[in-house]
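In: Just a sequence and a predicted model for now, questions to come.
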Amino acid sequence: MNVKRTAFVIGLVVVLTLLWGLQVGQVMGQAPAEGVSASTVLLIAADEGRGGRLIPKWSGSGTLISSDGLILTNCQVAFPKVLWDDPQFEYDVLIVALATEADKPPQPLYIAEVAQYDAALDLAVVRISQTLNGVSVDPRKLRLPAVSLGDSDKVAAGDALSIWGYSGVAGQAAESVEVKVSGFSSGRGIKGRAWIKVDTELEGALSGGAAVNEEDELVGILAAGAAGSADDIMHCRYTDDTNGDGTVDLNDTCTATGGTISTLRPANLAEALIRAAGQNLGPQPTPVPLPTRTPVPLPTRTPGAPRPTVSRLIFAPDIDEYDQPVTVVESFPSGTETIYFFFDYANFADGASWQPVLVYEGEPVEDAWPVEKWEGGPQGVWWLSFSGDPELADGSYEFVITYEGKELGSATVEVGGPEEKAPAFANIVFSGGGEEGYLLPGGIKEIVATFDYANMSRDTKWSYIGYYQGKEIAKGEGKPFSRASGTTSLPLSSTKALDPGIYRLELYIGERLAATADCRVQEDLGKVFGPITFAEGEDRDGNPLKPSTTFKSGISAVYAFFDWQGMQDGWTWSRAWYLDGEYVTGGESAWESGESGKNFWIYIYTKQGSLPEGRYRLDLRVEGELVQSGFFEIVGKTPSPRPTITPVPPKAGVVIYGRITDADTGRGIQGALFIVLQPGVSVQDFIVSGGDESLVYTWTETDRKGDYQLPNPLVRGESYSIIITADGYRPLTWEDGEVPEDMESPYEWNITLERM
């Protein structure tokens, strides 16, 4: 069966197809040895009672996704305590029961542990670790039936899916329910689809089960997200002695709680978790704050504190790469597929329950979005989207925002009628200090907003308003346009550096808001985190233990230490770990360790065995800006050289970085691939090999701004063949380009690509 490959392999398919015309499929893995029912497992959380008796607490479903015992499920089943901190969600063991014969009830055979999880996504990967009697298992010898992973982005409205799981009824085999995809929804913070909506309300006991397509590929996980109360967490609890034998045990039927579910998390959202679990990496905990020199009291909610509010509720047909509305509309034509809904919010609290509600023609749409925990900070801008089947039906759509069970605001938009060619603004993009996008560098004195206009006349009246931190700072009437359509710009300048914070531009046509976008001028964050020191651990004085940039194979954890200055509690900071250029694990949280200090540490680790060999990179970001990076390697006792070349230390090579942009617009291209082949390997050799990854010396993928940096330096005096490509663009290739002996490092190489 086919599975979705990493961005690199997908990129190779594009390269090979464009350069040679090959129709290369995304092939990886094999078809399941048996049907999906054989890969469906019952997960039972249990406590240990007297005499070793296991007392079940709740159950849910999961799916084997690897023959060595990785199981994909959700947090509500495997790790509910991260969703709702309550002692009732603690358990001693997680039992794995699976069917050994077709159409037979599952047998409890194994114990599993949580390998990776993401509470915000309500997704978890668990790993079989022991037999039921506590004997450790060798994953290589399990050879369990596993399903293949499909590409959830290819799921379309109207597609038929099968939901597999266990109902919690004692003695019953795995069951499947046929459903159809009724729509999709998304929101800020998740790239692509956040939820797949199906047309059937499913038993909560199936929570965590797989949604498979007609090729028996797993494309979704039945999940409900966060919850408004502890009672909503578990959907199948063991509370009653249903068989009357005097005890509550695995022979009893669980009691349905928590309601029904009609939402799926797309399988693509689980890719990073699966990859990290496959590398035996441990889940990334939120770093523990270090003592601050000047303790800062946490804010407390007082009776007179401002209430949560939403405002400026607007609609758009699409968003840009910076999460901004491409334009603002008051209605949509017939045939519209997706509505984007934006709102400002204030005085929200992370961890609070919230839920957007969609009302169509006066009737609520069941679970268009499930209840979730708010994770967007106290104030800002949020967006949601809802897609049709495949088109949205004509009619009235009301979007309602509820917070802690109370309605905060709503807005309604009509879909129907022909598309009108009215005057419009679109595609506001900010730039300043040589940067473009939402985040602009600190210290700049001018921001330039570039935007498109269409269907204008010299009589069209338009105006603009500029804001800083919500307060109006500029206002004016626009000059008449000499052409009906084109691109223009507005500057915001100052004689001194612009204050850090949020700037907003609103463009009006007459009295109608026609376009809007925000940008953020950052603090001077370049030196908030000092250089990263990697070490084997922490000594008694809190300093790095055995620091190095090269560690021997067999190590189970590597610590990253760094000093900090100029930080502020509450700033968002993130950690991203990469192995051989591929993201494997990370996390994001609010900073809570004060303005300055020494030897803050985080770590990457494995819960069993040792960390994989390879080249690791750690990126640290503050408020979205990359502020520090570091590299280390884990090598074998006798390192094997790369094909045709022996790795050299960074000081002997040239670090390549730069930006890949669109030749027409000058904007950065997200997701472009920069591939450097091994010395002696030509582009044609690479094509003929079908994209053999062993022929690649190093590679990287551009970020949202089009920026890139190769993880491995190029050797001076050596020659390399290079491929640079992006989806929808003509690839560029170089054959045997030599790196000059006197080439400086780092070296900036900016590249433009032309659309096909």
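Out: That came through fine.

In: following the helix or strand of the chain with the lowest mean pLDDT, which helix or strand comes up?
Out: In the chain, the helix or strand scored least confidently by mean pLDDT, DSSP states H and E is helix 7-20, which has a mean of 42. Counting by DSSP states H and E, the element after helix 7-20 in chain order, helix or strand, is helix 36-39.

In: Now do that following helix, average pLDDT.
Out: Averaged over helix 36-39, pLDDT sits at 91.

In: got a list of contacts for it?
Out: 32, 63-65, 98-99, 102-103, 144-147, 162, 164, 173-174, 176, 210, 212, 216 (C-beta atoms under 8 Å, 6 or more residues apart in numbering). Where you see a C-beta, it was placed from the backbone N, CA and C, and this is true even at glycine.

In: Contacts made by stretch 400-413 with the rest, please.
Out: Outside stretch 400-413, the residues that reach it (C-beta under 8 Å, 6+ apart) are 228, 308-311, 313-315, 329-332, 339, 341, 343, 345, 348, 352-359, 374, 396-399.

In: Please identify the buried residues of that stretch?
Out: 400-403, 408-411, 413 (16 or more other C-beta atoms under 10 Å).

In: Generate JSON lines for these, with secondary structure as supplementary columns.
Out: Below are the buried residues of stretch 400-413 laid out as JSON lines (DSSP: H, G, I helix; E, B strand; the rest coil):
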{"residue": "400", "secondary structure": "strand"}
{"residue": "401", "secondary structure": "strand"}
{"residue": "402", "secondary structure": "strand"}
{"residue": "403", "secondary structure": "strand"}
{"residue": "408", "secondary structure": "strand"}
{"residue": "409", "secondary structure": "strand"}
{"residue": "410", "secondary structure": "strand"}
{"residue": "411", "secondary structure": "strand"}
{"residue": "413", "secondary structure": "strand"}
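
In: so can I have CSV of the residues you listed showing distance to residue 488 and pLDDT?
Out: Compiled in CSV, these are given as follows (distance: C-beta to C-beta, whole Å; pLDDT from 0 to 100):
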residue, distance to residue 488, pLDDT
400, 37, 97
401, 34, 97
402, 40, 96
403, 39, 95
408, 36, 97
409, 33, 96
410, 35, 96
411, 29, 97
413, 28, 97
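
In: and the gap between residue 80 and residue 511?
Out: 50 Å (C-beta to C-beta, to the nearest Å).

In: Check the buried residues of stretch 400-413 and tell me the two furthest apart.
Out: 403 and 413 (21.1 Å; C-beta to C-beta).

In: Just the buried subset of the contacts of stretch 400-413, please.
Out: 228, 308-310, 313-315, 329, 332, 339, 341, 343, 345, 348, 353-359, 374, 397-399.

In: Could you list which of those residues belong to strands?
Out: 309-310, 313-315, 332, 339, 341, 343, 345, 353-359, 397-399 (DSSP state E).

In: of residue 80 and residue 511, who's got more company?
Out: residue 80 (27 against 7; other C-beta atoms under 10 Å).

In: quick one: pLDDT of that one?
Out: 87.

In: how far away is the closest residue to it other than its chain neighbours from residue 61?
Out: Counting by C-beta to C-beta, 6 or more residues apart in numbering, residue 89 is the residue found nearest to residue 80 once chain neighbours are left out, at 4.2 Å. Using C-beta to C-beta, we find residue 89 at a distance of 18 Å from residue 61.

In: More neighbours: those two, which one.
Out: residue 61 (30 against 19).

In: Enumerate the beta-bridge partners assigned to that one.
Out: residue 42 (DSSP bridges).

In: quick one: it and residue 202 touch, right?
Out: No. In this structure, residue 61 is not within contact of residue 202 by C-beta atoms under 8 Å, at 10.6 Å.
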